[in-house]
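Enquirer: For reference, the sequence and a predicted model appear below.
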Amino acid sequence: MAKYIKPLCKICRKYGIKLYLKGRRCESDKCAVDQRRKKIRLIKPKKMSEYGLQLREKNKVKWYYGILERQFKRYFEIAKKHKGVTGEVLLQLLERRLDNVIYKANWVYSRKMAKQIISHGHIIVNGKKNDRPGYLVEIGDVIELKKNSKLKNTVKECIEEYKTRVRPLWLKINDEELKIEVLRYPDRSEVSIPVEEQLIINLYSK
């Protein structure tokens, strides 16, 4: 993720939705988005241009998945070459990122934390160490926490804390063995971020 020296909560307030950039804080009463919603705003929001709306959707997705502009454009080029609706394929690719899979399995509190444990060599994919947060998982991939990892207790604590959170049906998650198996690719309906992907496609199609 690109370095951003200002408070991350400002980003969520800007887009008006939770992007879960600060992990546990986003789930608490201190969440900036929830606090803003409680306040009555009398100021009428400014009308945005078509380009502004397109740029807004793209940046919202970039922050949500924690990727840079060059990475995002690369995913778009890959999506264009795949069969199917380009926007849906783009979101499917982003959902298949290894750091996102670890986060959706409730092993970590945020995608930023997921990137850290992957890059530090704590994650095993198909029996081999994988230190690439952007690795795209395939059907049949088996993801495990390194057996002698010092983060084992932390991961179990995170799983226990988020045990009521709904987890993706396209993943088979074994909390006892700390193992994840990819059963299929995610559907568009399983992408949790509210985004109009067609605006992003229109932006890059100019």
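Expert: Received the coordinates, thanks.
Enquirer: where does residue 118 land in three-state SS?
Expert: helix (DSSP: H, G, I helix; E, B strand; the rest coil).
Enquirer: Burial check on it, number of neighbours?
Expert: A count of nearby residues for residue 118, using other CB atoms under 10 Å, gives 25. Heads up, the C-betas are built off the backbone N, CA and C, glycines and all.
Enquirer: I'd assumed residue 103 was in contact with it.
Expert: No: applying CB atoms under 8 Å, one finds residue 118 not in contact with residue 103, separated by 10.5 Å.
Enquirer: per-residue confidence averaged over the helix or strand harbouring residue 157?
Expert: Assigned by DSSP states H and E, residue 157 falls within helix 152-161. Mean pLDDT, computed over helix 152-161, is 94.
Enquirer: and after the least confident helix or strand in the chain by mean pLDDT, which helix or strand comes next?
Expert: Least confident element among the helices and strands of the chain, by mean pLDDT, DSSP states H and E: helix 32-38 (a mean of 52). The helix or strand immediately downstream of helix 32-38 is helix 50-65, counting by DSSP H and E.
Enquirer: which element follows that next one toward the C-terminus?
Expert: Of the helices and strands lying after helix 50-65 in sequence (DSSP H and E), the nearest is helix 69-81.
Enquirer: what's that next one packed up against?
Expert: With contacts defined as 3 or more CB pairs under 8 Å, 6 or more residues apart in numbering; DSSP states H and E, helix 69-81 has these neighbours: helix 50-65, helix 86-95, helix 197-204.
Enquirer: so of those helices, which one's packed in deepest?
Expert: Neighbour counts (mean count of other CB atoms under 10 Å) averaged over each of the helices and strands packed on helix 69-81 peak at helix 86-95, with a mean of 21.
Enquirer: Can you pull the domain assignment for this protein?
Expert: Following automatic domain parsing, one gets these domains for the chain: 9-40+48-94+192-204, 98-184.
Enquirer: what's the closest non-adjacent residue to the residue nearest the centre of the chain?
Expert: Most central in the chain under CA atoms, centre = their mean is residue 65, positioned 3.8 Å from the mean C-alpha point. The shortest distance from residue 65 to any non-neighbouring residue, by CB to CB, 6 or more residues apart in numbering, is to residue 94 (4.9 Å).
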